[in-house]
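# Kindly generate the corresponding structure for this input.
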Amino acid sequence: GVPFYVTVSITILLIWLYTFKSGINTIVWTDTLQTLFMLLALGITIVVISEDLNFSPVNIIGYLSESEFSKMFFFEDWRSRDYFFKQFISGAFIAIVMTGLDQDMMQKNLTCRNLKDAQKNMFWFTLVLTVVNFFFLALGVLLTDYAEINGITERKDDLFPAIATSGELGIGVAVFFILGLIAAAYSSADSALTALTTSFSIDILDIEKKYSEEKQVKIRKTIHIGISLLLIVVMLIFKYAIADKSVINELFEFAGYTYGPLLGLYTYGLFTKWNVKDKLVPVVAILSPLLSYIISINSLVWFGFEFGFFILILNGLLTFLGLVLIRSKHN
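Numbering: from 1, shown residues only. Modelled structure (predicted):
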């Protein structure tokens, strides 16, 4: 019964408090605890639902592999958004931009003592993330089947909360679900808040070169508050924009538009030695997603083809071509 905007505001206020106190040091420790609680919620829910459905650890693997919901490879229609090679290639590029190029993800690696430690962190992160994703997908299959057997009508993002808080699986599942939900939300928002504050302060305003240390602290604090308020606004817009759609699906759709310019800029910098006319770069970074969106919504009519998550690559390509067009004659 608590209004969504109140929940969001309290959440951001709490995150602002602990990131304000210790910055990135807080993020490293709190993310460790948050990940632990999220994995506990995942593991306990899988065990409890498996027992309720009378699955043993031995036969649950066979059950999951035979389920229609476990299908991951779609080769039937190359025009479909689910076509395997579209998903595979776009997924690889999404991993590159979201994990390798995003300040939000990379700031933890920047706190490592040396390059070798950062490389080890990325290596183990890759392995752990793959295993964790598999278990979350397995949980999705179990939740869906449990809902069908027990007449639960909620679907998509409402399914897990409905089952966890129904009381059918016991108070333990409900408690750990809430802890896991909080952990997942806070670990995403706190690192985004600190990353945006740092990036805007240093990369956009260039405060380290323009102001004294005392002035820098005041500006950072102001920006920290401003970004916190911005996050609240974005969350509210996102909540009402997606309506009853799946959040994770919409997130990756949006990522195709927001990360496309980042991919194009990175590729341009990696493979060319041309300078660009700096003042025109923002224009390219804005026009590329807009053109990608126009092409995407008309792709079925124009090409008989759905881009899906592949839109990221199109967006990056348009950004790259735009940068080529505004390259400077002087290197």
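
# Tell me who's in contact with the closest residue to V97 other than its chain neighbours.
Once flanking residues are discounted, V97 sits nearest to Y259: 4.1 Å by Cβ to Cβ, 6 or more residues apart in numbering. Any C-beta I mention is one placed from the backbone N, CA and C, and that applies to glycine too. By Cβ atoms under 8 Å, 6 or more residues apart in numbering, the contact set of Y259 is 94, 97-98, 101-102, 312, 315.

# in the stretch 1-150 of the chain, which segments are predicted with low confidence?
Residue ranges of the stretch 1-150 of the chain with pLDDT under 70: 21-28, 103-105, 107.

# could you pull out the helices for it?
For the stretch 1-150 of the chain, the helices defined by DSSP state H, counting those that start in this stretch occupy 4-22, 24-52, 59-66, 84-95, 103-110, 115-149.

# which one of these lies closest to Y268?
For the helices of the stretch 1-150 of the chain, the distance to Y268 is smallest for helix 84-95, at 15.0 Å, taking Cβ to Cβ.

# How about residues contacting that closest one?
Residues outside helix 84-95 that contact it (Cβ under 8 Å, 6+ apart): 73-75, 78, 80, 252, 255-256, 259, 263, 307-313, 316.

# Against C112, how distant is the closest residue to M235 other than its chain neighbours?
Spatial nearest neighbour of M235, excluding adjacent residues (Cβ to Cβ, 6+ apart): V8 at 4.9 Å. Separation of V8 from C112 (Cβ to Cβ, to the nearest Å): 32 Å.

# The two: which is more packed in?
Just comparing V8 and C112: by other Cβ atoms under 10 Å the higher neighbour count belongs to V8, 19 against 14.

# pretty sure the more buried one is touching I237, no?
No - using Cβ atoms under 8 Å, V8 is not in contact with I237; the gap is 11.0 Å.

# what helix or strand does the residue nearest the centre of the chain sit in?
Centroid-nearest residue in the chain, with Cα atoms, centre = their mean: L251, separated by 6.5 Å. Assigned by DSSP states H and E, L251 belongs to helix 247-258.

# what sits up against that helix?
Contacts for helix 247-258 (Cβ under 8 Å, 6+ apart): 90, 94, 97-98, 157, 238, 242, 289, 292-293, 309-312, 315.

# Who are the contact partners of the nearest residue to A184 once chain neighbours are set aside?
Nearest residue to A184, sequence neighbours excluded (Cβ to Cβ, 6+ apart): M38, at 5.3 Å. M38 sits next to 180, 183-184, 187 when contact means Cβ under 8 Å, 6+ apart.

# one more time with 6 Å
180, 183-184 (Cβ atoms under 6 Å, 6 or more residues apart in numbering).

# Write the PyMOL selection for whichever of those are buried.
Buried residues among the contacts of M38 (16 or more other Cβ atoms under 10 Å), as a PyMOL selection:
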select buried, resi 180+183+184
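
# The contacts of M38 in helices, which ones?
Taking DSSP state H, the ones among the contacts of M38 that sit in helices are 180, 183-184.

# Check the spacing between the residue nearest to M235 and L139 real quick.
The gap separating V8 from L139 is 25 Å, by Cβ to Cβ.

# same check, this time on G172
Taking Cβ to Cβ, one finds G172 at 16 Å from L139.

# Which of these two has more residues huddled nearby?
Neighbours around G172 and L139, counted as other Cβ under 10 Å, are more numerous at L139. The numbers are 17 against 11.

# SS state for I237?
With DSSP: H, G, I helix; E, B strand; the rest coil as the basis, I237 sits in helix.

# what's the neighbour count on it?
When neighbours are counted by other Cβ under 10 Å, I237 comes out with 10.

# again, but for F134
Other residues lying near F134 total 11 when counted by other Cβ under 10 Å.

# now swap in R220 and tell me
Residues near R220, counting by other Cβ under 10 Å, number 19.

# next one: K156
Neighbours of K156 (other Cβ under 10 Å): 12.

# hang on, the earlier thing: so which of the helices of the stretch 1-150 of the chain gets nearest N298?
Nearest of the helices of the stretch 1-150 of the chain to N298, taken as Cβ to Cβ: helix 84-95 at 17.5 Å.

# For the stretch 151-300 of the chain, which segments are assigned as helices?
Taking DSSP H, counting those that start in this stretch, the helices of the stretch 151-300 of the chain run over residues 159-164, 171-199, 207-210, 213-242, 247-258, 260-271, 281-303.

# if we can go back for a sec, just the buried subset of the contacts of Y259, please.
Neighbour-count burial (16+ other Cβ under 10 Å) applied to the contacts of Y259 gives 94, 97-98, 102, 312, 315.

# So what's the residue count around the closest residue to A183 other than its chain neighbours?
Closest residue to A183 apart from its sequence neighbours, by Cβ to Cβ, 6+ apart: Q34 at 3.7 Å. Residues within reach of Q34, counting by other Cβ under 10 Å, total 21.

# residue contacts, Q34?
183, 186-187.

# Reformat those residues into CSV and put distance to G226 and pLDDT next to each item.
Below are the contacts of Q34 laid out as CSV (distance: Cβ to Cβ, whole Å; pLDDT from 0 to 100):
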residue, distance to G226, pLDDT
A183, 26, 77
Y186, 20, 78
S187, 22, 73
